[in-house]
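Colleague: Okay, predicted coordinates and the sequence, questions at the end:
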Amino acid sequence: MVESICAAPTIRSIEVPPPPTWPELSEEARAALRARILRLLAERRAVLVAHYYTDGELQSLAEETGGCVADSLEMARFGTESDAETLVVCGVRFMGETAKILNPEKRVLMPDLRATCSLDEGCPADQFSAFCDAHPDHTVVVYANTSAAVKARADWVVTSSIALPVVEHLTARGEKILWAPDRHLGRYIERMTGAEMLLWNGACVVHEEFKSFALERVRRLHPDAAVLVHPEAPAEVVDQADVVGSTTQLIRAVVELPHPKFIVATDAGILWKMRQVAPDKTLIPAPTAGAGATCESCAHCPWMAMNALQNLEQVLLTGDQEIQIDPAIRERALIPIRRMLDFARQRPARA
């Protein structure tokens, strides 16, 4: 197996925003705000598409109004199937871009267009294109957490729920793979498939902060707990997992496994859905801290936190946070995304 890391910008070069602060709302004010949003969604013929990592109130509102709460693969599918004129994507920018790529005729809004992703930011399209040009004999596979311009340079786009079967498929055909941007997910796929992969040097600022030694302490405190890990985490954290998988796969594990407790090593936003589907289970966030860490975690994407009821109402009122994509880039990016969706229909993602 051959591995190469390119000289990409390191994760430390990415400016991480401070957590947003929103005014405290009384119960009465919050109920009134939700009521206004419900009215605006109906007036705008709009539907909410929310990721599992967003605030629980947004997930609840999406479900209540016939929208979608899902991982990025299911978010992409939902947008193409909805008859709504406007998609309001509560997540990060690459999710809004994917929705627009698949639905050019629809208006795609986001509560805050500045909500980006460290993986996206750490993979500039010009540098990535040069890396691809230097390895023309490789099939280019990019994670969904990338810009439309990076997707336009790819042969395949994958999400964490479908990456393994896609790479297995390509390896069986004898193809060499250039992978971007998450090196931890790439290394996990290498180990699971034996694929020959060149890896871009990117990482998620949330998942990279999980600490293996702190996780070991929590496991000792809760020996009856199963450990659930997203494959964007470092290998020494993944190695301690009972289940490694996408957000959807980890939620399914909480329901299906018999364990009374689960230590969860992914963005804390997922806990809202886990508590909803398995209210009898005890959920313990995996630690991102060092000495003294037990069950507390600050694992929450600062860009996901930019989505809130307040700016959701604002974007529905003004429509001024609209996703726009150059038509030429959109057409090229559509090809690998469609390839992923077609593959998913023919061969469901690994459970």
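Modeller: Everything's here; your move. Numbering: from 1, shown residues only.
Colleague: Can you list the neighbours in contact with stretch 238-253?
Modeller: 51-53, 70-71, 73-74, 159-161, 184, 188, 212, 215-216, 219, 226-231, 257, 259, 262, 264-266, 270, 273-274, 277, 349-351 (CB atoms under 8 Å, 6 or more residues apart in numbering). The C-beta positions use only the backbone N, C-alpha and C, and glycine is treated the same way.
Colleague: Which members of those occur in helices, if any?
Modeller: Among these, the ones falling in helices (DSSP state H) are 73-74, 184, 188, 212, 215-216, 219, 273-274, 277.
Colleague: This structure: strands as residue ranges?
Modeller: Here the chain has its strands, by DSSP state E, at 46-51, 68-70, 86-90, 107-109, 139-143, 156-158, 177-180, 197-199, 225-229, 243-244, 261-265, 282-285.
Colleague: So for L119, which of these sits nearest?
Modeller: Evaluated with CB to CB, the strands of the chain place strand 139-143 nearest to L119, the distance being 6.6 Å.
Colleague: Distance from the chain centre to the closest one, please.
Modeller: 16 Å (CA atoms, centre = their mean, to the nearest Å).
Colleague: got it, and stretch 44-56?
Modeller: Using CA atoms, centre = their mean, the offset of stretch 44-56 from its chain centre is 14 Å.
Colleague: Same question for that stretch: list its buried residues.
Modeller: 44, 46-56 (16 or more other CB atoms under 10 Å).
Colleague: Could you give the average pLDDT over it?
Modeller: The pLDDT scores in stretch 44-56 average 96.
Colleague: now do the same end-to-end measure for it.
Modeller: End-to-end distance for stretch 44-56: 23 Å, by CA to CA, to the nearest Å.
Colleague: Then stretch 273-288?
Modeller: 21 Å.
Colleague: what's the answer for stretch 85-98, then?
Modeller: 16 Å.
Colleague: What is the nearest of the buried residues of stretch 44-56 to R338?
Modeller: Nearest member of the buried residues of stretch 44-56 to R338, counting by CB to CB, is V49, at 18.5 Å.
Colleague: Which strand residues bridge the closest one?
Modeller: C68, V89 (DSSP bridges).
Colleague: Who are the contact partners of it?
Modeller: Shown in contact with V49 (CB under 8 Å, 6+ apart): 62, 67-68, 70, 75, 78-79, 87-91, 95, 99.
Colleague: Flag the least confident of the residues you listed.
Modeller: Scoring the contacts of V49 by pLDDT puts G79 last, at 87.
Colleague: spatially speaking, which residue is in the middle of this structure?
Modeller: Nearest residue to the geometric centre of the chain (CA atoms, centre = their mean): S72, 5.7 Å.
Colleague: is it true that that one touches M95?
Modeller: Yes - at 5.9 Å, S72 and M95 qualify as touching, with contact defined as CB atoms under 8 Å.
Colleague: How about residues contacting stretch 164-174?
Modeller: With CB under 8 Å, 6+ apart as the test, stretch 164-174 has contacts from 139, 141, 156, 158, 177, 189, 192-197, 340, 343, 347, 349-350.
Colleague: Please, a ChimeraX command that selects the buried ones among those?
Modeller: In ChimeraX, this line selects whichever of the contacts of stretch 164-174 come out buried by 16+ other CB under 10 Å:
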select :139,141,156,158,177,189,193,195,197,340,343,349
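Colleague: ok, A76 - contacts?
Modeller: By CB under 8 Å, 6+ apart, the contact list for A76 reads 98-99, 102, 144, 337, 341.
Colleague: Please tell me how far it sits from Q314.
Modeller: The gap separating A76 from Q314 is 25 Å, by CB to CB, to the nearest Å.
Colleague: Report the buried residues of the lowest-mean-pLDDT helix or strand in the chain.
Modeller: When each helix and strand of the chain is scored by mean pLDDT, DSSP states H and E, helix 72-81 comes last, with a mean of 87. Buried positions in helix 72-81, judged by neighbour count with 16+ other CB under 10 Å: 72-79.
Colleague: wait, which of those residues is closest to E121?
Modeller: S72 (16.6 Å).
Colleague: for the closest one, what are its contacts?
Modeller: For S72, the contacting residues are 51, 91, 94-95, 98, 144-145, 159, by CB under 8 Å, 6+ apart.
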